[in-house]
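>>> Predicted model, plus sequence, below.
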Amino acid sequence: MATTDKLFAGSIPEIYERFLVPLIFESYARDLANRVAAAAPRDVLETAAGTGVLTRAMASCLPAAARIVATDLNQPMLDQAAQRQAGNRRIEWRQADALALPFPAESFDAVACQFGAMFFPDKVTAYKEARRVLRSGGHLIFNVWDRITENEFADVVTQALAIVFPDDPPRFMARIPHGYHDAEQIRQELNAAGFSNISVDAIDEKSRAASPRDPAIAYCQGTPLRNEIEARDASSLEHATAQAAAALARRFGNGPIEGRIRAFVITAGC
């Protein structure tokens with residue numbers, strides 16, 4: 001995995017929160033938060049918290065006495081998240097690597113992760129760390145995207161950028177966010193980390209936007225795809241965004257648009 005695949009810095013966190021969160025993350029965050037709440041945890045660890053969409057959803061449905069520790073590798077993402085939850089003392093924000101968690105063994109009843117596992121360079125090590133910090137009877141609950149062809153906006157943007165950069169197409173979306181969807185592989189890696197009672201549920205949703213330009217900005221400027229675009233031509237970001245918007249308009253229309261999105265929710269017990 002390239003270093004830039006994990007780099008959420010500069011203006012990316014703000015654009016991510018403004019455009020990408022309502023586009024694809026909010027409904028899945030509510031689903032995941034409800035699953036965490038159903039486990040009735042006292043202490044919850046969130047890894048790869050990003051700008052805090054799942055953190056906010058969990059805070060709204062967990063009992064007032066429940067504690068949430070939200071972590072991410074990227075401090076700028078946590079800074080953006082903390083701004084939205086300023087003054088909420090139930091939430092502790094902490095920069096941390098999911099492959100080397102800075103917490104004692106058996107510290108949490110649940111570990112939650114919203115679309116972060118795909119970024120872990122060593123999945124089994126990350127799952128072992130989650131298993132280590134979970135108490136007996138605890139659960140790891142997380143979600144991952146299905147293949148890119150089942151997520152229409154991301155697929156159209158990726159195809160559009162392949163035309164902009166025919167000699168070296170940016171493949172971040174297909175390679176990382178939509179590159180970890182093999183349910184059997186995920187089960188095997190969770191088993192290798194010591195988990196059992198593994199369930200995998202497919203969840204279909206609709207991604208909606210006010211215009212084709214909104215998802216073009218979301219993907220091209222609010223994710224590490226931006227790093228790939230700028231690495232090819234530092235002056236091409238706006239042109240690439242415009243071409244992505246045009247491709248979305250051709251596929252879905254010029255007004256409000258909607259496209260199919262699909263993810264898997266995984267629950268593993270210990």
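Received, thanks. Residues are numbered from 1 along each chain as shown.

>>> The top helix by length along the chain packs against which elements?
In the chain, taking DSSP state H as the definition, the longest helix is helix 237-252. Judged by 3 or more C-beta pairs under 8 Å, 6 or more residues apart in numbering; DSSP states H and E, the packing partners of helix 237-252 are helix 152-164, helix 213-221, helix 225-232, strand 257-269. Heads up, the C-betas are built off the backbone N, CA and C, glycines and all.

>>> That one: how far from the chain's middle?
23 Å (C-alpha atoms, centre = their mean, to the nearest Å).

>>> and that helix, which residues are buried?
Counting neighbours by 16 or more other C-beta atoms under 10 Å, one finds that the buried residues in helix 237-252 are 240-241, 243-245, 247-249, 251-252.

>>> export that helix as CSV, just CAs?
The C-alpha coordinates for helix 237-252 follow below in CSV (Å, rounded to 0.1, in the frame of the first residue of the first chain):
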residue,chain,number,x,y,z
LEU,A,237,-7.3,18.5,-10.0
GLU,A,238,-10.1,20.9,-11.1
HIS,A,239,-10.0,19.4,-14.7
ALA,A,240,-10.2,15.9,-13.3
THR,A,241,-13.1,16.8,-11.1
ALA,A,242,-14.9,18.4,-14.0
GLN,A,243,-14.4,15.4,-16.1
ALA,A,244,-15.7,13.1,-13.4
ALA,A,245,-18.8,15.4,-12.9
ALA,A,246,-19.4,15.3,-16.7
ALA,A,247,-19.3,11.5,-16.7
LEU,A,248,-21.7,11.3,-13.8
ALA,A,249,-24.1,13.7,-15.6
ARG,A,250,-24.0,11.5,-18.7
ARG,A,251,-24.8,8.4,-16.7
PHE,A,252,-27.3,9.8,-14.1
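
>>> what about residue 171, how many neighbours?
By other C-beta atoms under 10 Å, the residues close to residue 171 number 15.

>>> Quick one: residues contacting it.
Counting by C-beta atoms under 8 Å, 6 or more residues apart in numbering, residue 171 touches 158, 228.

>>> any idea how far residue 144 lies from residue 181?
6 Å (C-beta to C-beta, to the nearest Å).

>>> list the residues that contact both of those two?
By C-beta under 8 Å, 6+ apart, the residues touching both residue 144 and residue 181 are residue 264.

>>> Pick out the residue closest to the middle of this protein.
residue 115 (2.9 Å; C-alpha atoms, centre = their mean).

>>> Show me what the nearest residue to that residue once chain neighbours are set aside bridges to in the sheet.
Distance criterion C-beta to C-beta, 6 or more residues apart in numbering; nearest residue to residue 115, sequence neighbours excluded, is residue 143 at 6.0 Å. In this entry, residue 143 is beta-bridged to residue 114, residue 265, by DSSP bridges.

>>> What pLDDT is listed against residue 143?
Per-residue pLDDT puts residue 143 at 98.

>>> For residue 157, the count of nearby residues, please.
27.

>>> isn't it right up against residue 173?
Yes - using C-beta atoms under 8 Å, residue 157 makes contact with residue 173 at a distance of 6.9 Å.

>>> what's the overlap in contacts for those two?
Joint contacts of residue 157 and residue 173 (C-beta under 8 Å, 6+ apart) are 219, 225.

>>> hey, C-alpha coordinates of stretch 31-43 in PDB?
Taking C-alpha atoms only, stretch 31-43 is exported to PDB below (Å, rounded to 0.1, in the frame of the first residue of the first chain):
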ATOM      1  CA  ASP A  31     -26.700   0.700  10.900                       C
ATOM      2  CA  LEU A  32     -23.300  -0.100  12.500                       C
ATOM      3  CA  ALA A  33     -24.100   2.100  15.600                       C
ATOM      4  CA  ASN A  34     -27.300   0.200  16.200                       C
ATOM      5  CA  ARG A  35     -25.500  -3.100  15.900                       C
ATOM      6  CA  VAL A  36     -22.900  -1.900  18.500                       C
ATOM      7  CA  ALA A  37     -25.700  -0.700  20.800                       C
ATOM      8  CA  ALA A  38     -27.400  -4.100  20.600                       C
ATOM      9  CA  ALA A  39     -24.300  -5.600  22.200                       C
ATOM     10  CA  ALA A  40     -24.900  -3.300  25.200                       C
ATOM     11  CA  PRO A  41     -21.200  -2.400  25.700                       C
ATOM     12  CA  ARG A  42     -19.900  -0.200  28.500                       C
ATOM     13  CA  ASP A  43     -16.600   0.600  26.800                       C
END
